[in-house]
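K.L.:
quick check, what structure comes out for this input:
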Amino acid sequence: MLFNLFNSLPSISTKELEAKLTEKPQIIDVREPNEFIGGHIPGAKNVPLRKMEAYTPKGKVYVICQSGARSKRAATILKSKGYDVVNVKGGMSAWSGPTRGGKL
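P.N.:
Got it, this is the predicted structure:
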């Protein structure tokens, strides 16, 4: 059976991620720095999509962007490199949890 990255990419909703915040999950925000500064999930790390090929996460990572498109591409890149990655559906557009203005 062929392995298909798109069918095997785990994803969760923003509400599910919000419920995990107490566990301090590793969240990677793949938006550009100016978008990140405008507001992000507390504890998220800004690693723009263009830098994803060189990024090495440690452990399970949740990937978010503005709408879910860039994070899906980033998650696919990380998954293809063998990392445990979960895409956050809907991105920051769907996020209703806590946010903070950013520092890089």
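K.L.:
buried stuff in the biggest helix by length in the chain?
P.N.:
In the chain, taking DSSP state H as the definition, the longest helix is helix 69-80. Across helix 69-80, burial judged by 16 or more other Cβ atoms under 10 Å covers 70-72, 74-79. Heads up, the C-betas are built off the backbone N, CA and C, glycines and all.
K.L.:
could I get those residues as JSON lines with distance to residue 96 and pLDDT?
P.N.:
Supplementary listing: the buried residues of helix 69-80 in JSON lines, determined by distance: Cβ to Cβ, whole Å; pLDDT from 0 to 100:
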{"residue": "70", "distance to residue 96": "20", "pLDDT": "97"}
{"residue": "71", "distance to residue 96": "17", "pLDDT": "97"}
{"residue": "72", "distance to residue 96": "20", "pLDDT": "96"}
{"residue": "74", "distance to residue 96": "22", "pLDDT": "97"}
{"residue": "75", "distance to residue 96": "21", "pLDDT": "96"}
{"residue": "76", "distance to residue 96": "26", "pLDDT": "95"}
{"residue": "77", "distance to residue 96": "27", "pLDDT": "96"}
{"residue": "78", "distance to residue 96": "26", "pLDDT": "97"}
{"residue": "79", "distance to residue 96": "27", "pLDDT": "95"}
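K.L.:
among those, which two are most distant?
P.N.:
For the buried residues of helix 69-80, the maximum inter-member distance is 14.6 Å, found between 70 and 79 (Cβ to Cβ).
K.L.:
low-scoring stretches of this protein, by residue?
P.N.:
Scanning the chain for pLDDT under 70 picks out 1-7, 102-104.
K.L.:
helices or strands next to the strand or helix carrying residue 19 in the packing?
P.N.:
In this assignment (DSSP states H and E), residue 19 forms part of helix 14-20. Here helix 14-20 touches strand 61-64, going by 3 or more Cβ pairs under 8 Å, 6 or more residues apart in numbering; DSSP states H and E.
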